[in-house]
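Engineer: When you get a sec, could you give me coordinates for this:
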Amino acid sequence: MKANKCSNCQYETIVELAFCPKCQQQAFNETTVPNEGTVYSFTTIRIAPPEYIEYAPYQVALVSLTDQLKVTAFIQDEVAIGDSVILKEVRDNAYVFEPQN
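Structural biologist: All right, here's what the predicted structure looks like:
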């Protein structure tokens, strides 16, 4: 997975930014971050909006990829805090993870 890292303060993000939100510099370097992470937090969606009803129930999780970088993830299977997960795909701009065996 690709990320951008501020060359001044080392802030990491997966989105394209013009300015670093931490130090306001404009110098970013592209870097590679792991496709594996740890579930930092999650919630279970049981009553989904109409466009996601076919997936319910599902988990929306905050996945820690590095010490500084966390991403919001869609996870179809049940997970718990501390579980290892791996990136399966990016679907409609959503990061889809699955539990790692």
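Engineer: For the residue nearest in space to the middle of the chain, which residues count as its bridge partners?
Structural biologist: Central residue of the chain (Cα atoms, centre = their mean): Val71, 2.1 Å from the mean position. Beta bridges link Val71 to Val63, judged by DSSP bridges.
Engineer: which residues does Pro57 contact?
Structural biologist: Pro57 makes contact with Thr44, Ile45, Arg46, Ala48, according to Cβ atoms under 8 Å, 6 or more residues apart in numbering. Heads up, the C-betas are built off the backbone N, CA and C, glycines and all.
Engineer: strand partners of the top strand by length along the chain, parallel vs antiparallel please.
Structural biologist: When the chain is parsed with DSSP state E, its longest strand is strand 36-45. If you go by DSSP bridges, strand 36-45 pairs up with strand 58-64 (antiparallel), strand 84-91 (antiparallel).
Engineer: I'd like the ones you listed as CSV, with mean neighbour count and distance to Tyr40 appended.
Structural biologist: Shown next, in CSV, are the strands paired with strand 36-45 (neighbours: other Cβ atoms under 10 Å; distance: least, Cβ to Cβ, whole Å):
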stretch, mean neighbour count, distance to Tyr40
strand 58-64, 20, 4
strand 84-91, 14, 10
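Engineer: farthest residue from the center of this structure?
Structural biologist: Most distant from the centre of the chain: Gln25, at 23.6 Å, with distances by Cα atoms, centre = their mean.
Engineer: mind giving me the domain split of this protein?
Structural biologist: Here the domain assignment for the chain is 2-31, 35-99, based on automatic domain parsing.
Engineer: Could you dump those into a markdown table and include mean pLDDT?
Structural biologist: Shown next, in a markdown table, are the domains of the chain (pLDDT from 0 to 100):
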| stretch | mean pLDDT |
| --- | --- |
| domain 2-31 | 93 |
| domain 35-99 | 94 |
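Engineer: still on that earlier bit, right, and out of the contacts of Pro57, which lies closest to Pro21?
Structural biologist: For the contacts of Pro57, the residue nearest Pro21 by Cβ to Cβ is Ile45; the value is 28.0 Å.
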